[in-house]
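Novice: output the structure for:
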Amino acid sequence: MKSNLRIKGKLMLSVLATLLIVTRAAYTQEVDSLKPPAITTTSVPVVPAEIEDRLRQYQNTRAAAFQGWSPDGNGLLISTRFGNTAQLHRVYEPGGRREQITFFDEPVTGRFVPKASDGALLVSMSHGGSEREQIFLFDPKGGRTQLLTDGKSRNILETVSRDGTKVALASSARNGRDTDIAVMDPRVPGSAKIVLQANGESWEAHDWSADGTKLLVNHYVSINESYPGLLDVTTGTKQMFPIPGGSKASFELLRFSPDSKSVLIETDAHSEFKQLARLNLESMQYTWLTEDIPWDVDAIRVDPASGHVAFTVNVDGASELY
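Specialist: Modelled structure (predicted):
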């Protein structure tokens, strides 16, 4: 009996010693600097520092995004990362050097104010990744920034009128929950006024009519369901567009023609692919423009002077420009 007790005691000590070693190993495990704090792993080896350094040349890349043409015709605006955040740069000629014009700590997007003779920019950024974007008027000559929105709610820059006097934005300023469509003067801070009040819905403003009185808007429900329409900003009345076939469909891009008598629309209402269509605003009839292209249309631009339409198609993950 005593012999059995001794054996059991030794086994217990052995088990306790093993648990102590495992616990110490767990607490002294080398910290993986690449692993996000929110992720917990077990028995995953730490990535050696030399591999981390070697991968940096492949992962630490930079891209440039087109942000618009300069109103004076002298070059274009791009957004590209220089340092740790994306900032706005101006490029004056093909292959020319980029001139950095914003130097904020936060990532920045923006565009020129149309028709502006002073080169003013509308700049959008949030603070510390809060996703509460604010809209600013930026003077590139003096480097001064003026806050246009309330500094607290989420305000997304949507579209600017052709003459540069009106800005449409999606704003949660009213109750911090719903995203309304508001219109403001880009030269007057705090001038935003709601023109479409959302009630548990998500609305987007896509484009201004030539006279600056109407907005193309879209009620987004899901990636497969949305409802486009025309909003009169002076009266607040909406005219919803017919849905081809009467069933649910996705509408993602809406652009006025130069005379604002028709709308260029990207939708999958007529096909399994997202096609480009023209909607006549008088007859409310659709004309399908890309039925012979078996790929998704994913971007549309309309030249207000010539009426020419440029669009890109996603062909097996690569873009083709038409």
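
Novice: give me the phi and psi angles of the spatially closest residue to I265 that is not a sequence neighbour.
Specialist: The shortest distance from I265 to any non-neighbouring residue, by C-beta to C-beta, 6 or more residues apart in numbering, is to A277 (4.9 Å). (Glycine included, C-beta is placed from N, CA and C.) When read as degrees, to the nearest 10, the backbone of A277 gives phi -130, psi 160.

Novice: burial of the closest residue in space to D163 that isn't next to it in sequence, as a residue count?
Specialist: Of all residues not flanking D163 in the chain, K115 sits nearest, at 5.4 Å (C-beta to C-beta, 6+ apart). Residues contacting K115 under the criterion other C-beta atoms under 10 Å number 12.

Novice: so K115 sits right up against D72, yeah?
Specialist: No: K115 sits out of contact with D72 when judged by C-beta atoms under 8 Å, with a separation of 10.0 Å.

Novice: still on that earlier bit, which residues does the residue nearest to I265 form beta bridges with?
Specialist: I265, W288 (DSSP bridges).

Novice: what about it, how many residues close to it?
Specialist: 22.

Novice: mind listing what it touches?
Specialist: Residues near A277 by C-beta atoms under 8 Å, 6 or more residues apart in numbering: 264-267, 270, 286-289.

Novice: which among those residues end up buried?
Specialist: Using 16 or more other C-beta atoms under 10 Å as the burial test, these include 264-267, 270, 286, 289 as buried.

Novice: may I ask which two of those residues are separated the most?
Specialist: Distance extremes for the buried ones among the contacts of A277: the farthest pair is L264 and H270 at 14.2 Å, using C-beta to C-beta.

Novice: and for G75, nearest residue in space, chain neighbours not counted?
Specialist: Excluding the flanking residues, the one nearest G75 by C-beta to C-beta, 6+ apart is Y92, at 3.9 Å.

Novice: what's the neighbour count on that neighbour?
Specialist: Per other C-beta under 10 Å, the neighbour tally for Y92 reads 12.

Novice: could you do the one 5 residues further on as well?
Specialist: For R97, the count of nearby residues is 9 (other C-beta under 10 Å).

Novice: mind pulling up the pLDDT for it?
Specialist: Looking at R97, its pLDDT is 92.

Novice: and for S130?
Specialist: Looking at S130, its pLDDT stands at 81.

Novice: got it, and L231?
Specialist: So L231 comes in at 98 (pLDDT).

Novice: use 599 as the first number for this chain going forward.
Specialist: Got it, the first residue is 599 from now on, which makes the last one we talked about L829.

Novice: state whether it is indeed within a strand.
Specialist: Yes: using DSSP: H, G, I helix; E, B strand; the rest coil, the assignment for L829 is a strand.

Novice: how many neighbours does it have?
Specialist: 24.

Novice: next one: D651
Specialist: By the measure other C-beta under 10 Å, the count of residues near D651 is 9.

Novice: also Y920?
Specialist: Y920, neighbours per other C-beta under 10 Å, totals 12.

Novice: residues contacting it?
Specialist: Contacts of Y920 by C-beta under 8 Å, 6+ apart are 891, 908-911.

Novice: buried among the residues you listed? Make that a ChimeraX selection.
Specialist: Buried subset of the contacts of Y920, written as a ChimeraX selection, criterion 16+ other C-beta under 10 Å:
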select :891,909,910,911
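
Novice: returning to what we had before: any chance of the contacts of A875 in CSV with distance to G694 as columns?
Specialist: Shown next, in CSV, are the contacts of A875 (distance: C-beta to C-beta, whole Å):
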residue, distance to G694
L862, 32
I863, 36
E864, 33
T865, 38
H868, 43
Y884, 42
T885, 40
W886, 40
L887, 35
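
Novice: need the residues you listed in JSON lines (columns: pLDDT and distance to H725).
Specialist: Listed next are these as JSON lines, based on pLDDT from 0 to 100; distance: C-beta to C-beta, whole Å:
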{"residue": "L862", "pLDDT": "97", "distance to H725": "36"}
{"residue": "I863", "pLDDT": "96", "distance to H725": "36"}
{"residue": "E864", "pLDDT": "96", "distance to H725": "33"}
{"residue": "T865", "pLDDT": "95", "distance to H725": "36"}
{"residue": "H868", "pLDDT": "91", "distance to H725": "43"}
{"residue": "Y884", "pLDDT": "96", "distance to H725": "43"}
{"residue": "T885", "pLDDT": "96", "distance to H725": "46"}
{"residue": "W886", "pLDDT": "96", "distance to H725": "45"}
{"residue": "L887", "pLDDT": "95", "distance to H725": "43"}
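
Novice: kind regards, and thank you for your time.
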